[in-house]
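Participant: Could you look at this predicted model? Sequence included:
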Amino acid sequence: MKQQIISVLESVIHALPDTALDKIAIISNIIPPICWWVLIACLTFILFLFQIVRLIKKINGRRQKTEAEAVKKKKTDAPVKDAPVEKIQVQGEQIVKEPVRFFERLKNGLSKTRQTFSGSLDTIFADSKKIDDNMLEEIEELLITSDIGVPTTMKLVERLSEKASDISDIGQLKSSLKEDILSFLKAPSNSLKNSLAKPHVIMVVGVNGVGKTTTIGKLAARYTKDGKKVLIAASDTFRAAASEQLTIWAERAGADIVKHGDNADPSAVAYDSVEAAIARGVDIVMVDTAGRLHTRKNLMGELKKINRTIKKKIPEAPHETLLVLDATTGQNALTQAKLFLETINVTGIALTKLDGTAKGGIVVSICSDLNIPLAYIGVGEQAEDLQDFDPKQFVDALF
């Protein structure tokens, strides 16, 4: 090894000019032989590390490729459980796509709640086949942590206690709870269908982040699909990009929109929108509102002002005031609702983002604690994922 290195160095030296050879000669006299060995050892070690790094990269590349192929194969071969899919029927030469039933989307959207609630019931009953005080306490704790609320939970546990002697398996336990929960839920009346007003004015309220803009867009899409002429009033002039988002939804839904500049008077937008709706023969006006001002007092005062302004054009309007709540906020949603109820006449609630929470029991709490119909529930991003609240479908999907 030493002899090979020396021969390589000699060939390099012979190739250098005389001046360079003089410098190398001087350097070789100064640097002790041990340093040359250290230098050679360092170079050898660096080459070794370089080879190791190349080998590791090669192995990682193969492993990632193998994992990607395995995932691709799994997606292709494995059936998707609890996922809404489109069924395709062939009629002659035409292919007709059946829309996914809302119950399947609801069931899929409530999967987090169902896994937590129904799964925990299975565990509780598996530990003790008899409903005793300990089991009732565990069920009580489960209902409260599912955001069903303390007053409603107490009533449910009391009813369950009265039927305890007749319940001998988990199926009977769930059936009993389904029946009792269903008794707290009421189907909303279709105020739009019963309304003779034209335009029918709907004011949409709620704090920022609950999904007001999305809810307005989805409802507008539904109404236009039903053959209604819709106009949206962009009265949330305080939030950045609010009118731009509404414009996108209006274009998707095929609805008209009236908007002013940033920081314009929200009441003026609402007034102009109602005036335009009357002139254009619009069926439905949906008024967006600001979700947050500097203080709560200002927010509620602004809503009252918009309400008064709309009445100047149509004395009986707004015909509906829809409060949008976010299901993921749990009991905070109830607190928000009570604050709005102190100021304005809320006629219905739209509960969004039920697919993003494991505490879908908030639906029961809202229906039980507030004397307001739950009109709509949202379980996804698509326009079809916002639907009329059906108590029986909800309870079936919950269990």
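Facilitator: That came in fine, so what should we check first?
Participant: contacts, neighbours, all on C-alpha from now
Facilitator: Will do.
Participant: what does stretch 208-226 rub up against?
Facilitator: Contacts with stretch 208-226, where a contact means C-alpha atoms under 8 Å, 6 or more residues apart in numbering, come from 204-206, 229-230, 242, 245-246, 249-250, 252-255, 286, 288, 290-292, 324-326, 350, 352, 382-384, 386.
Participant: Restricted to helices, list the residues you listed.
Facilitator: 242, 245, 246, 249, 250, 252, 253 (DSSP state H).
Participant: How many residues are close by the residue nearest to the last one when sequence neighbours are not counted?
Facilitator: It refers to residue 253. Sequence neighbours aside, residue 221 is the residue nearest to residue 253 in space, at 4.3 Å (criterion: C-alpha to C-alpha, 6 or more residues apart in numbering). Residue 221: 22 surrounding residues under other C-alpha atoms under 10 Å.
Participant: Can you verify my assumption that residue 278 contacts residue 199?
Facilitator: Yes: judged on C-alpha atoms under 8 Å, residue 278 makes contact with residue 199 at a distance of 6.7 Å.
Participant: still on that earlier bit, of the contacts of stretch 208-226, which count as buried by neighbour count?
Facilitator: 204-206, 229-230, 242, 246, 249-250, 253-255, 286, 288, 290-292, 324-326, 350, 352, 383-384, 386 (16 or more other C-alpha atoms under 10 Å).
Participant: Sketch out the low-pLDDT regions of the stretch 201-350 of the chain for me.
Facilitator: Along the stretch 201-350 of the chain, the parts satisfying pLDDT under 70 run over 292-297.
Participant: Now do the strands in the chain.
Facilitator: Counting by DSSP state E, the chain has strands at residues 87-91, 94-98, 200-205, 230-234, 256-258, 284-288, 320-326, 348-352, 374-378, 386-388.
Participant: strand partners of the longest one, parallel vs antiparallel please.
Facilitator: Just to be clear, that refers to strand 320-326. Applying DSSP bridges to the sheet, strand 320-326 is found paired with strand 200-205 (parallel), strand 348-352 (parallel).
Participant: out of those, nearest to residue 106?
Facilitator: strand 348-352 (12.1 Å; C-alpha to C-alpha).
Participant: residues in contact with that closest one?
Facilitator: Contacts for strand 348-352 (C-alpha under 8 Å, 6+ apart): 210-211, 215, 320-327, 363, 372-379, 386.
Participant: Between strand 374-378 and that strand, find me the angle.
Facilitator: 20 degrees (axes from the mean of the first three to the mean of the last three C-alpha atoms, to 10 degrees).
Participant: can I have strand 348-352 written out in PDB, keeping just the CAs?
Facilitator: Only the C-alpha atoms of strand 348-352 are listed here, as PDB (Å, rounded to 0.1, in the frame of the first residue of the first chain):
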ATOM      1  CA  GLY A 348     -83.500  28.300  13.200                       C
ATOM      2  CA  ILE A 349     -80.000  26.800  13.700                       C
ATOM      3  CA  ALA A 350     -77.500  25.400  11.200                       C
ATOM      4  CA  LEU A 351     -74.900  23.100  12.800                       C
ATOM      5  CA  THR A 352     -71.800  22.700  10.800                       C
END
